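Q: heads up, no residue letters with this:
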């Protein structure tokens, strides 16, 4: 079975779906001839032509707005916004149009759209290339938000997203892009949106995360005292959250830590903590801990590892939760 | 030569039926037949009647805010009539009732929309019209995207999108025009320059002499036409449509018209407009001009006018009855149209909205089971 890193898995999944469904169109800045700044769309234009792998003018609202129009005209657009920091100009189109069209037309007009966006810190990128805005979009009714952390999940989630009849934001943790390879089969498979994955089973404490911090959590797990049995959940889908997997785990362990790169206040950790206290109140042995980015602007890269939830800070959060 | 002119441009103005209802027969050739002018004139009367009744409905509390189309009927109808029903796509703003109706939108849908009911946007199958767009200028990008799809699939179809003079100041105007030009997408940008964006006059929106000249910067043909002249609007739109269908890419039309009413029923234009200006434009009302034209040709008289006005009243009464006869939607519809497949949390909120708060119930936390176990 072929081994692929995250970039190769997404590239392979895009080609797979473009082959299968001629309505799929990739569009964005530099995605065509150049294959994207991270080379995620490498080779697609040569294979599928300039009509289906479209180098657009440099304008994010334009990319999102025309992608909406393509979707309205029965195409399956997969626009790329080059970095999450540039979602701002596309926000109006995404939130006020893509997300609302189904509701405001009572399902007469729907927007099957998959927006690919590299996200998160840890790669020494310039300003506005390292943020984690997933909570903003999870808070937007009408949008689904996913963030795979592994190549295998990346393919399955991308195929599920493109085949989903509603708009999906597909966040790609750029810190994972080339960090490792794993087996990604050539065959067709999907990972349902809204399904978390138990990465590692345990009985004492549940750690919930997604994206690049999955690997920081694994490192933290290795550093824990031997007698601590930690369960690690990779959410994979930010919205809709797989509440059942979270609830079942926390009812078992009685303790939970949520880890994310985004700022703590109003981050997804707040929502997940709330879900846990709503559904697991009688099972809790300790307050839910959040190990997150700080409520500050994401610093330039000299300080990015101080900002991000790295393994030592996660380990500390776990031990604090275990202290109760 | 170190300094030379590398580019020059000019903009044409097209008027075929002037303010005194005199027709330029040469320019009018192959545009509208007598029957077509008569039909469109009748539509103007029906649309004006709808506008007046909509205004009254709002004033009497039977409908929410409504933007009147008054004065701009020729622009909407002339352009809409040029496009191919069932094939081309109409992507409107909110002052193009006439064009939407010509393309098959049931008239009561517009009232339903302004009565605060999303079912007014639930466009029936086969009607190639997108819903009224509230944010300014954003729909131009949707039209461009649709046109890109038509081009990719090699379909002989065109998207026609409407917006006002104010919208040309939006960033999305630039992005839509630029994308359309760059991809040579079959789209017609139809600007209803009605001189006012709520209280801000056309002169404040841009320092350009014309709005049409903006097309030059995007490498697409642009024309300014008399927006209160059915013939000019029709001809400019048809030329743009023909060009798009023949692979000639996008075009831009500035229809010079005037918003005879307030911006919406929530606005009072007397606060910022000179009554003399309004009066001057009122005399250029497309209804006056086209009636004069038809009468001069012996195609119209007072009896026909009275009969059409009576018919318009009946039609609009029926529309109002249809819109008001639709029962309030169930709140479940809001949930059911959020996603194709409802996530469990939304489903739970829908199913328990009448029986509980949307917070957790003790049983969700397992309270009863816990107490039973303790007992």
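A: Structure received. The shown structure was predicted, so the numbers you read here are calculated from the model rather than taken from an experiment.

Q: switch to C-alpha atoms for all contacts and neighbour counts from now on
A: Fine.

Q: Just give the nearest non-adjacent residue to residue B:58, would you?
A: Take residue B:58 and drop its neighbours on the chain: the residue closest to it by CA to CA, 6 or more residues apart in numbering or on different chains is residue B:64, 5.6 Å away.

Q: Next: residue A:217.
A: Distance criterion CA to CA, 6+ apart; nearest residue to residue A:217, sequence neighbours excluded, is residue A:311 at 6.0 Å.

Q: list the contacts for that neighbour?
A: Contacts for residue A:311 (CA atoms under 8 Å, 6 or more residues apart in numbering or on different chains) come out as A:216-220.

Q: what do you get for residue B:76?
A: B:95-99.

Q: Keep only those residues that also lie close to chain A.
A: Residues of the contacts of residue B:76 in contact with chain A (CA under 8 Å from any CA of the partner chain): none.

Q: Switch the residues you listed over to a markdown table, and while doing so, append distance to residue A:181, secondary structure and neighbour count to every line.
A: Converted to a markdown table, these look like this (distance: CA to CA, whole Å; DSSP: H, G, I helix; E, B strand; the rest coil; neighbours: other CA atoms under 10 Å in any protein chain shown):
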| residue | distance to residue A:181 | secondary structure | neighbour count |
| --- | --- | --- | --- |
| B:95 | 56 | coil | 24 |
| B:96 | 55 | coil | 26 |
| B:97 | 57 | helix | 24 |
| B:98 | 59 | helix | 27 |
| B:99 | 56 | helix | 26 |
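
Q: Nearest to chain A among those?
A: Nearest to chain A among the contacts of residue B:76: residue B:97, at 17.4 Å, using CA to the nearest CA.

Q: Skipping adjacent residues, who's closest to residue A:146 in space?
A: Spatial nearest neighbour of residue A:146, excluding adjacent residues (CA to CA, 6+ apart): residue A:237 at 4.2 Å.

Q: Can you give me the neighbour number for residue 45?
A: Went with chain A since none was named. Using other CA atoms under 10 Å in any protein chain shown, residue A:45 is surrounded by 20 other residues.

Q: that's the wrong chain, I meant chain B
A: By the criterion of other CA under 10 Å, residue B:45 has 19 neighbours.

Q: Quick check: which element contains it?
A: For residue B:45, the host element (DSSP states H and E) is helix B:34-59.

Q: which strands and helices sit next to that helix?
A: helix B:73-82, helix B:97-102, helix B:286-296, helix B:302-324 (3 or more CA pairs under 8 Å, 6 or more residues apart in numbering or on different chains; DSSP states H and E).

Q: So which elements touch the third one?
A: Helices and strands touching helix B:286-296, by 3+ CA pairs under 8 Å, 6+ apart, are helix B:34-59.

Q: swap the cut-off to 7 Å and go again
A: For helix B:286-296, there is no helix or strand it packs on, judged by 3 or more CA pairs under 7 Å, 6 or more residues apart in numbering or on different chains; DSSP states H and E.

Q: could the contacts of residue B:76 be laid out in CSV, adding distance to residue A:263 and pLDDT?
A: CSV is the format used below for those (distance: CA to CA, whole Å; pLDDT from 0 to 100):
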residue, distance to residue A:263, pLDDT
B:95, 43, 97
B:96, 45, 97
B:97, 46, 98
B:98, 50, 98
B:99, 48, 98
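
Q: Could I get the pLDDT score of residue B:108?
A: Per-residue confidence for residue B:108 comes out at a pLDDT of 98.

Q: So the helix of greatest length in chain A, near chain B or not?
A: In chain A, taking DSSP state H as the definition, the longest helix is helix A:6-20. No. Using CA under 7 Å from any CA of the partner chain, helix A:6-20 never reaches chain B; the gap is at least 14.2 Å.

Q: how about that helix: buried residues?
A: Of all the residues in helix A:6-20, those buried under the rule 16 or more other CA atoms under 10 Å in any protein chain shown are A:6-18.

Q: which regions of chain B sit below the pLDDT cut-off?
A: B:1 (pLDDT under 70).
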